[in-house]
Each structure stands twice: as structure tokens, then as C-alpha cells.
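>>> Below are the sequence and a predicted model for it; my questions follow.
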Amino acid sequence: MVTNDFIERHVEAPLPTGEKRMKALLCKTLGEPDDLVIEEIAPPRPEIGEVRIQVHACGVNFPDVLMVQGKYQVKPELPFSPGLEVAGDILEIGADVKEFTVGDRVIAMTGFGGMREEVVVNASRCLAMPETMDYETAASFVLTYGTSYYALVDRGYLCSGEKVLVLGATGGVGTAAIDIAHRLGAEVIAAGGSDEKLAKLKALYNVNQTINYNEEGPELRERVKAMTAGRGADVIYDPIGGAAFQQALRCVNWNGRILVVGFAADSENLPKAATNLLLLKGSSLIGVFWGRFSEVEPERNRANFDR
């Protein structure tokens, strides 16, 4: 989580006495998060349909790291600020903005650019913050829960009583997927790479079936089949890719849905699908890009958060 307090502690130069400036965490050359620098830049101004937000907190997600490394599907022009989601107060509204006013507390999906004291976004990319929610919580759940709800409900049509295999279960989108799947009445198999983290999942989300895919023993597909009476999972939520994806192709149930959410295992060497396996299982391979969905279909995205 990046907050204004963090920026205050890490900026070296004082604010100038003349023109108003703001602090921003910038990626000036592709590399690692440690290469980011804090500089003072001119604040943005909203145009038609946009709002200017004072950022109180910005979420930090795996796509931010990939973007800084130049490995994400979205490649902003240098220099840029990472930060896909922020929470703050509206300072200014542009023309034609009807749903918000100055002073409103909002969550905003920036795509990138959130790690600044102020941001400008289209009003359609904002959500009203619940009164009881703090800024840090608000800035850290939109991407994970937005992605997982869109994946499981809109793309995967997960139903009560179905078996869902969640890969990368101990990560941000993984834990959100488990929470949502439980609320939908599905049975969850949580797969991750750490016994300690899987144990925490059992305690937090009442997960009964877990798989550590880094353990020696039967392959992931064999363990999943053993937990599903040989049928396989009805829905597979995969933010990992790599070898786990190849196993997923082989442990999906008839009419099952494999949700391609991300490639955390290796974003440069993307897995390839043996389409004959999809044919034999009558299964579907479904792409999930919540960021694009929230941009193209903002009203549906808002409706998801209202549920």
C-alpha cells in the first residue's frame, strides 16, 4: 500500500514556493520497483467527463511490478507512475460529470498512474466509497475482487454446488476468488505453493481441500481427480499459467470452464493449449481481463460492485 505518508517520508526536495507541484512515484526506465524515483510534477486538470482526485491510498498489485519491468500487456509511455487502483477525495470535476461532486470519497480504477498525490480519471471509472470503509481497504480490494467476481460469475458462470479449483490461491486474486466462490455456494479446492499460507486459508475461509503443488508426490491433476471422484473441477481459476495451466487442461470436468486470469509463473513464456483436450472434455478456455471489461462496460462493472 502506498499512501501520502509514504511519499512524504521518501521525497528529498522541498516543494517549490511558486507554481503548485505534486509528488509522484515515477518509472523513468524499465527495471525493478527499487528503481522507481519520487519527483515533483505539475498536477493534472480534468477534462470533459473526468474528475481530479486527491489520493489518500494506492493499491499495490502484481501487474504493477510487471508494468515496471515492461512485461505487462499494458505498456505506458515513459515516464509513468504505476498504480492501478486508488482511493481518495474528489477535488475538481470536469464538464458533464453528473454522478459525483467535489468532496465525494471515491475508489478509482486508474489502469496506471495511481502512485501520485493527485490523479485524473474518467468519472465512469470511479465508485462511491462505502461510508464505513477506510481509504487503505478501499484501495486494495477493487482489482482483486473485481477480477475474481467478473471471472467466476460473468465469465465462468459458477453455480452453487460446483467444484472450483483456485490456482495461486494464496495470492491476492486467489483469496478473493475463494471468498466469492464460497459465497456462491461452490466447493473450493485451493492450490498454492506454501503449506503455511494454505493453513491460513483453511482458518480464514474454511477451505477443506488444499493442494501444495510444490510438494513431491502425485501431479496436480491426479490430486484434483482424487478430490472430485475422478471427474475433475467444474471451474478452474488460473492466474498462474506455466506448468499449472497444463495440469489444469487435464483435470477439468466435462463442460468445465478454465478461466485464464494471468501468467504469474512466467509472463514471457506463455503456455500453449492442446486444443484436442478441450474437445475431448467439451470444456471451454475463457480469457479474463477485468481491466478492459471495466473500461468497455463500466455500467456492468459498477453493477457487480453493487451486488
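Okay, I see it.

>>> list the contacts for Ala181?
Ala181 makes contacts with 152, 158, 164, 166, 188, 237, as judged by CB atoms under 8 Å, 6 or more residues apart in numbering. Quick note: C-beta positions are derived from backbone N, CA and C, even for glycine.

>>> Sort out for me which of these are in strands.
Using DSSP state E, 164, 166, 188, 237 are the members of the contacts of Ala181 that sit in strands.

>>> can you name the two of those residues that are farthest apart?
Across the ones in strands among the contacts of Ala181, the longest distance by CB to CB is 9.5 Å; it joins Val188 and Tyr237.

>>> Overlap of the contact sets of those two?
Joint contacts of Val188 and Tyr237 (CB under 8 Å, 6+ apart) are 164, 166, 181.

>>> Could you say which helix or strand holds the residue nearest to Pro44 when sequence neighbours are not counted?
Take Pro44 and drop its neighbours on the chain: the residue closest to it by CB to CB, 6 or more residues apart in numbering is Val120, 4.1 Å away. Following DSSP states H and E, one finds Val120 within strand 118-122.

>>> Run the chain-centre distance for whatever helix or strand comes next after that strand.
Downstream of strand 118-122, the first helix or strand assigned by DSSP H and E is strand 126-128. Strand 126-128 has its average C-alpha position 17 Å from the chain's average C-alpha position, going by CA atoms, centre = their mean, to the nearest Å.

>>> Which other helices and strands does the strand holding Val120 contact?
Packing contacts for strand 118-122, counted by 3 or more CB pairs under 8 Å, 6 or more residues apart in numbering; DSSP states H and E, involve strand 50-58, strand 85-93, strand 105-109.

>>> Give me the mean pLDDT for the next helix or strand after the first one.
The one in question is strand 50-58. Next helix or strand after strand 50-58 toward the C-terminus (DSSP H and E): helix 62-69. Averaging pLDDT along helix 62-69 yields 94.

>>> Mind listing residues that contact helix 62-69?
So helix 62-69 is contacted by 27, 30-33, 35-36, 72, 74-76, 80, 82-84, 112, 143, 171-172, 262, 264, 267 (CB under 8 Å, 6+ apart).

>>> Quick one: buried ones out of the residues you listed?
Using 16 or more other CB atoms under 10 Å as the burial test, these include 27, 36, 72, 80, 82-84, 112, 143, 171-172, 262, 264, 267 as buried.

>>> got the residues you listed as TSV, with distance to Ala244 and secondary structure columns?
Listed next are those as TSV, based on distance: CB to CB, whole Å; DSSP: H, G, I helix; E, B strand; the rest coil:
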residue	distance to Ala244	secondary structure
Cys27	29	strand
Leu36	30	coil
Tyr72	20	coil
Phe80	31	strand
Pro82	26	coil
Gly83	28	coil
Leu84	24	coil
Phe112	27	coil
Leu143	21	helix
Gly171	12	coil
Gly172	17	helix
Gly262	11	coil
Ala264	9	coil
Ser267	14	coil
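
>>> out of those residues, what pair is the most spread apart?
Spanning the widest gap among the buried ones among the contacts of helix 62-69 are Phe80 and Gly171, at 24.2 Å by CB to CB.

>>> Grab the CA positions of the one helix or strand Thr144 maps to and hand them over as CSV.
Using DSSP H and E, Thr144 sits in helix 142-149. Extracted in CSV, the C-alpha atoms of helix 142-149 (Å, rounded to 0.1, in the frame of the first residue of the first chain):
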residue,chain,number,x,y,z
VAL,A,142,-11.2,-3.4,-6.2
LEU,A,143,-8.8,-5.1,-8.6
THR,A,144,-8.7,-8.4,-6.7
TYR,A,145,-12.5,-8.7,-6.1
GLY,A,146,-13.4,-7.1,-9.3
THR,A,147,-11.3,-9.5,-11.3
SER,A,148,-12.5,-12.6,-9.3
TYR,A,149,-16.2,-11.7,-9.5
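
>>> Against which helices or strands is it packed?
Going by 3+ CB pairs under 8 Å, 6+ apart, helix 142-149 lies up against strand 105-109, helix 172-183, helix 290-296, helix 298-306.

>>> any residues touching it, and which ones?
Taking CB under 8 Å, 6+ apart as the rule, helix 142-149 contacts 59, 61, 63, 84-85, 107, 109, 127, 172-173, 175-177, 179-180, 237, 261, 288, 290, 294, 301, 304-305, 307.

>>> between the shared contacts of Val188 and Tyr237, which is nearest Lys197?
Nearest member of the shared contacts of Val188 and Tyr237 to Lys197, counting by CB to CB, is Val166, at 12.7 Å.

>>> tell me the pLDDT at the closest one?
98.

>>> quick revisit: what's the closest of the shared contacts of Val188 and Tyr237 to Val252?
Val164 (10.9 Å).

>>> That closest one and Gly172, how far apart?
17 Å (CB to CB, to the nearest Å).

>>> can you count the residues close to Ala243?
14 (other CB atoms under 10 Å).
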